[in-house]
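Undergrad: this one's sequence-less:
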């Protein structure tokens, strides 16, 4: 509905001369276009029709109220946005835009200079020894590197162009971060999109001071809100489509997928803010090797793939226990070997997932009470027992369970003994990242979903419990 028809009194408050180029008669009732208004007292300000007709609290129920007349303690920016401050005793109009509009306009200027910054970005890459080392290492590691290199190089030019444009807009003599910091962040992003088999070898070419790109964050000494503003304007910092583009090319190179013409699948860079660079002259042999003097590669955090099993309180074992035990569950002051015998089986686990892990974490009351190695498996009545030896000096002993995740679906049936806990939870074998003996949950390993650590016999499903309960009631 037209604003003119819905709110004729407010429509008459539109400024007669300062809204040039705008068809006021066709302005809708919910328009977000900033317009100039003038109240009967002569006050002028900018506001959208949607804001003007809204029942804001400062209007005190009067939709026709003027912001200047009835709202002291308010700051109005030149962009039209306002901020109420109870501590202010006066109504002030500022000549500058608000912070968000200022940063957004700053980011828009950066994107406008992106294409013309490509030449400087290409020159920086050609003269960088870090980039030359990364290309050489990748070519020696992956036989299909030449097939994906044009896409990788385009991503490097894209991100370096952002920093060149940022320096030009802010009138900086140099980039807002070091070359190794910026190129290292690009390298880590490319490694995230490559197969895990080649990452470790190529990781040796990443500088130690490499940064990290995040969805709304650009590393460097500049405005911290630039990343947010670029994302708001449609610039995807991590370029999420890059993973699919590289995956399709690798599948083609491995002869798992072919196109009708036998050519590499096309890459659609439209609306992804990739500056043109194919027309620029290249000189990739001029990398300054002096930059690599004292080069230190970035060391990835060590990863430990673990399987976690949880014990209950100590209780007598079944008479026909497949491992010949008299008790199961946890009891304080047990020797490590006896605790391992109680905790190594029998569990409902998939053998391939256990074989992919390096250690077993035996947990009681969310605390790691035992860590053991994995040497093999034995099968007992549909369950598995793990073979291995306790690791009495492992740094995870006595720490909080690093794989614990609160599970609202956990449940326990009263008929189960105190030595076991039934957990209805699905998860993957997980990796534990450790540095300086600090433990944190890291990425999942590539594996299918499994039922986690359920003591034999398997727990009936809720529908099976309901059927049994119904049969018991009917006699």
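TA: Perfect, I can see it now. What you see is a predicted model, and the numbers here were worked out from it, not measured in a lab. Numbering: from 1, shown residues only.

Undergrad: Please report how far residue 17 lies from residue 24.
TA: 12 Å (Cβ to Cβ, to the nearest Å). Every residue, glycine included, has its C-beta placed from N, CA and C.

Undergrad: Those two: which is more packed in?
TA: Neighbours per residue (other Cβ atoms under 10 Å) separate residue 17 from residue 24, with residue 24 holding more: 15 against 7.

Undergrad: give me every residue that touches the more buried one.
TA: Taking Cβ atoms under 8 Å, 6 or more residues apart in numbering, we find residue 24 in contact with 4, 11, 14, 35.

Undergrad: The last one: what's its closest spatial neighbour, skipping adjacent residues?
TA: Excluding its sequence neighbours, the residue lying closest to residue 35 (Cβ to Cβ, 6 or more residues apart in numbering) is residue 19, at 5.4 Å.

Undergrad: can you confirm the one you found is in a strand?
TA: No: read with DSSP: H, G, I helix; E, B strand; the rest coil, residue 19 is coil and lies in no strand.

Undergrad: quick one: it and residue 37 touch, right?
TA: No: assessed by Cβ atoms under 8 Å, residue 19 is found out of contact with residue 37, at 9.1 Å.

Undergrad: can you tell me how far residue 315 sits from residue 227?
TA: With distances taken as Cβ to Cβ, residue 315 is found 55 Å from residue 227.

Undergrad: Look at these two and report which has more neighbours.
TA: residue 227 (23 against 14).

Undergrad: what kind of secondary structure is the more buried one in?
TA: Three-state call for residue 227 (three-state DSSP): helix.

Undergrad: Now do the contacts for it.
TA: 214, 216, 217, 218, 237.

Undergrad: how about 10 Å then?
TA: Going by Cβ atoms under 10 Å, 6 or more residues apart in numbering, residue 227 touches 103, 107, 162, 213-220, 235, 237.

Undergrad: and the residues you listed, which are buried?
TA: Among the contacts of residue 227, those classed as buried by 16 or more other Cβ atoms under 10 Å are 103, 107, 162, 213, 216, 217, 218, 219, 220, 235, 237.

Undergrad: now, the most widely separated pair of these?
TA: Across the buried ones among the contacts of residue 227, the longest distance by Cβ to Cβ is 18.3 Å; it joins 103 and 213.

Undergrad: can you list the weak-confidence ranges in the protein?
TA: Under the criterion pLDDT under 70, the flagged ranges of the chain are 71-72, 86-91, 256-260, 285-291, 301-302, 382, 405-466, 468-469, 472-475.

Undergrad: one more time with 80, if that's ok
TA: Along the chain, segments meeting pLDDT under 80 span 56-60, 67-76, 80, 82-94, 254-263, 282-294, 299-304, 345, 381-382, 403-475.

Undergrad: any idea how far the residue nearest to residue 35 lies from residue 43?
TA: In terms of Cβ to Cβ, residue 19 sits 16 Å off from residue 43.

Undergrad: Looking at those two now, which is surrounded by more residues?
TA: Shown here are residue 19 and residue 43; by other Cβ under 10 Å, residue 19 has more neighbours (17 against 14).

Undergrad: circling back: the residue nearest to residue 35 contacts residue 36, correct?
TA: Yes: counting by Cβ atoms under 10 Å, residue 36 is a contact partner of residue 19 at 5.4 Å.

Undergrad: With adjacent residues omitted, what lies nearest to residue 168?
TA: Once flanking residues are discounted, residue 168 sits nearest to residue 113: 5.7 Å by Cβ to Cβ, 6+ apart.

Undergrad: can you pull out the strands in the stretch 101-250 of the chain?
TA: Using DSSP state E, counting those that start in this stretch, the stretch 101-250 of the chain contains no strands.

Undergrad: related to what we said a few turns ago, what do residue 19 and residue 37 both touch?
TA: residue 46.

Undergrad: Could you report the neighbour count for residue 353?
TA: 18.

Undergrad: With residue 360 as the reference, measure out to it.
TA: For residue 353, the distance to residue 360 - Cβ to Cβ - is 12 Å.

Undergrad: Overlap of the contact sets of the two?
TA: What both residue 353 and residue 360 touch, as defined by Cβ under 10 Å, 6+ apart, is the set residue 307.

Undergrad: residues touching the residue nearest to residue 168, list them.
TA: Counting by Cβ under 10 Å, 6+ apart, residue 113 has contacts 161, 162, 164, 165, 166, 167, 168, 169, 275.

Undergrad: Tell me the first helix or strand C-terminal of the host helix or strand of residue 75.
TA: Secondary structure from DSSP states H and E places residue 75 in strand 74-76. Once the chain leaves strand 74-76, the next helix or strand it forms, by DSSP H and E, is strand 82-84.

Undergrad: Now that following strand: buried residues?
TA: Residues of strand 82-84 classed as buried: residue 82 (neighbour count, 16+ other Cβ under 10 Å).

Undergrad: Kindly report the same for stretch 107-127.
TA: Using 16+ other Cβ under 10 Å as the test for burial, stretch 107-127 gives 107, 110-111, 113-114, 117-127.

Undergrad: Which residue, other than its chain neighbours, is closest to residue 204?
TA: residue 297 (4.7 Å).

Undergrad: Kindly report the same for residue 385.
TA: residue 345 is the one closest to residue 385 (Cβ to Cβ, 6+ apart), at 2.8 Å.

Undergrad: And for residue 376?
TA: Per Cβ to Cβ, 6+ apart, closest to residue 376 is residue 387, 4.0 Å.

Undergrad: what does residue 9 give?
TA: residue 64 (5.7 Å).

Undergrad: Look at residue 386 and give its secondary structure.
TA: Going by three-state DSSP: residue 386 is strand.

Undergrad: in the stretch 251-400 of the chain, which spans are strands?
TA: So, for the stretch 251-400 of the chain - with DSSP E, counting those that start in this stretch - the strands run 303-310, 315-316, 327-328, 347-348, 359-364, 367-373, 376-380, 383-387.

Undergrad: can I get the ones you listed in JSON lines with distance to residue 249?
TA: Shown next, in JSON lines, are these (distance: least, Cβ to Cβ, whole Å):
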{"stretch": "strand 303-310", "distance to residue 249": "27"}
{"stretch": "strand 315-316", "distance to residue 249": "57"}
{"stretch": "strand 327-328", "distance to residue 249": "53"}
{"stretch": "strand 347-348", "distance to residue 249": "41"}
{"stretch": "strand 359-364", "distance to residue 249": "37"}
{"stretch": "strand 367-373", "distance to residue 249": "40"}
{"stretch": "strand 376-380", "distance to residue 249": "39"}
{"stretch": "strand 383-387", "distance to residue 249": "40"}
